[in-house]
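Participant: Give me a 3D structure for the following:
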Amino acid sequence: MFGNTPQERDYRLLAVLVLGLGLIPILGPSNYLLGQAALYLIWAAVVTQWNLVLGVAGIMSIGHLALFAAGGYTVALLGLYFGLSPWMSMPLAALAGFAVALLMGLATLRLRGAYTVVVTLAIAMVMYQLIVTDVECFRKTATACYSLTGGARGLTRFGDFGFAGLLGNGMAQTGNYLLAIALLGLCMLAAITIAHSPYGRAFQALRDSEPASQARGIRVEKFQLIVFAASGLLTGLAGAVYAGTQRTFGPQVLEFPTLLFLLSIMIVGGRGHVWGPVLGALCLALVKESLTSFAQWQNSIYAVLLIVILIIAPEGLAGALSRLVARPRAVKKEASA
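Facilitator: Below you'll find the predicted structure:
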């Protein structure tokens with residue numbers, strides 16, 4: 001882990017990133033900034049796993065938010081109806097994400113390209129419709145009647161991670177922020193390990209040329225299931241962290257604006273680059289906070305940003321930075337030759 005291979009450099013950079021982010025609360029930022037930072041860290045974690053499927057493996061899955069929703073609703077439902085804390089339900093949330101990912105992988109096993117897009121998006125839309133049309137009374141209170149999933153309103157009051165009690169009332173957002181760092185660190189560690197492993201190289205070979213990969217004995221179906229399942233576990237876990245830190249969960253996570261936002265993170269950061277989700281989330285966080293007075297134009301701004309990045313740097317920020325770093329090395333190598 002202390003050598004100079006690309007994988008080892010990525011591990012060191014990840015350690016620096018996690019340590020640097022962990023020191024930010026010492027600077028005394030407001031609870032609002034910590035809350036926003038935690039949210040963007042969670043979204044970056046989700047995109048690291050989506051990037052493994054769509055970017056590294058080249059599988060055209062657009063329904064990855066269904067895995068996130070499976071994890072989030074698991075925490076919300078178990079907390080609301082069985083009194084389980086998010087800590088206790090997190091493993092089950094990860095398994096829920098894994099189960100939906102496996103279903104998605106099996107459904108698209110022999111599909112490619114646009115057909116995969118349609119099927120994965122359809123699975124997410126079916127989940128969305130089942131939730132928003134859930135209006136039958138399941139839980140009664142003195143003043144209202146609620147459906148099982150909360151319908152279009154979503155679910156609240158299912159508990160949180162209890163950082164207010166552990167760290168003090170004024171430190172709850174700090175606890176949420178540190179948990180989001182841990183989530184991103186875990187997701188990045190998995191992404192780096194997988195991307196540089198034989199599995200990762202097999203995924204990239206399949207993405208670049210499926211016929212050539214098959215000729216080398218790489219089984220498409222096997223690796224497609226593996227990458228879906230691996231990303232499903234951590235995406236479900238990210239849904240659990242989101243639900244426990246935001247203390248609300250609803251079908252809005254499955255709607256088009258959320259999909260466009262996460263796709264923007266991936267494209268801006270660099271699809272297929274392991275550090276793309278982090279760079280993309282940072283860029284979009286800065287854009288959003290700089291344009292708070294234009295909130296109604298947010299989706300349009302993201303769309304324009306996507307177009308500009310695709311024209312100027314189609315490989316995204318991570319790809320552009322890689323080229324900038326590689327250029328001096330190439331010049332130095334030529335000079336020493």
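Participant: Any stretches of the stretch 151-300 of the chain with poor pLDDT?
Facilitator: 212-215, 217, 295 (pLDDT under 70).
Participant: Tell me how this protein divides into domains.
Facilitator: Using automatic domain parsing, the domain ranges for the chain come out as 6-253, 255-337.
Participant: For those domains, give me TSV that also has mean neighbour count.
Facilitator: In short, each C-beta sits where N, CA and C put it, glycine included. Output for those, formatted as TSV (neighbours: other C-beta atoms under 10 Å):
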stretch	mean neighbour count
domain 6-253	19
domain 255-337	16
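Participant: contacting residues for residue 13?
Facilitator: Residue 13 is in contact with residue 275, counting by C-beta atoms under 8 Å, 6 or more residues apart in numbering.
Participant: Quick check: the gap between it and residue 6.
Facilitator: Per C-beta to C-beta, to the nearest Å, residue 13 is found 10 Å from residue 6.
Participant: Report the central residue of this structure.
Facilitator: residue 46 (0.7 Å; C-alpha atoms, centre = their mean).
Participant: Could you look up the SS state of residue 29?
Facilitator: coil (DSSP: H, G, I helix; E, B strand; the rest coil).
Participant: Is it correct that residue 239 is in contact with residue 67?
Facilitator: Yes. Using C-beta atoms under 8 Å, residue 239 is in contact with residue 67, at 7.4 Å.
Participant: Identify the contacts common to the two.
Facilitator: residue 97.
Participant: Do a quick rundown of the helices in the stretch 101-250 of the chain.
Facilitator: 114-132, 163-167, 172-195, 198-208, 210-215, 220-246 (DSSP state H, counting those that start in this stretch).
Participant: quick one: which of the ones you listed is nearest residue 149?
Facilitator: helix 114-132 (4.9 Å; C-beta to C-beta).
Participant: what's the angle from the closest one to helix 220-246?
Facilitator: 30 degrees (axes from the mean of the first three to the mean of the last three C-alpha atoms, to 10 degrees).
Participant: on that earlier part again, can I get the helices of the stretch 101-250 of the chain in JSON lines including distance to residue 26?
Facilitator: Below are those laid out as JSON lines (distance: least, C-beta to C-beta, whole Å):
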{"stretch": "helix 114-132", "distance to residue 26": "40"}
{"stretch": "helix 163-167", "distance to residue 26": "14"}
{"stretch": "helix 172-195", "distance to residue 26": "10"}
{"stretch": "helix 198-208", "distance to residue 26": "36"}
{"stretch": "helix 210-215", "distance to residue 26": "48"}
{"stretch": "helix 220-246", "distance to residue 26": "20"}
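Participant: Relative to residue 322, which of those helices is closest?
Facilitator: Comparing the helices of the stretch 101-250 of the chain against residue 322 with C-beta to C-beta, the closest turns out to be helix 172-195 (13.5 Å).
Participant: The closest one - contacts with which helices or strands?
Facilitator: Helices and strands touching helix 172-195, as assessed by 3 or more C-beta pairs under 8 Å, 6 or more residues apart in numbering; DSSP states H and E, comprise helix 6-23, helix 31-51, helix 163-167, helix 220-246.
Participant: give me that answer again for 10 Å
Facilitator: Helices and strands touching helix 172-195, by 3 or more C-beta pairs under 10 Å, 6 or more residues apart in numbering; DSSP states H and E, are helix 6-23, helix 31-51, helix 163-167, helix 198-208, helix 220-246, helix 276-290.
Participant: would you turn those helices into TSV with distance to residue 317?
Facilitator: Formatted as TSV, the helices and strands packed on helix 172-195 follow (distance: least, C-beta to C-beta, whole Å):
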stretch	distance to residue 317
helix 6-23	15
helix 31-51	13
helix 163-167	32
helix 198-208	20
helix 220-246	22
helix 276-290	4
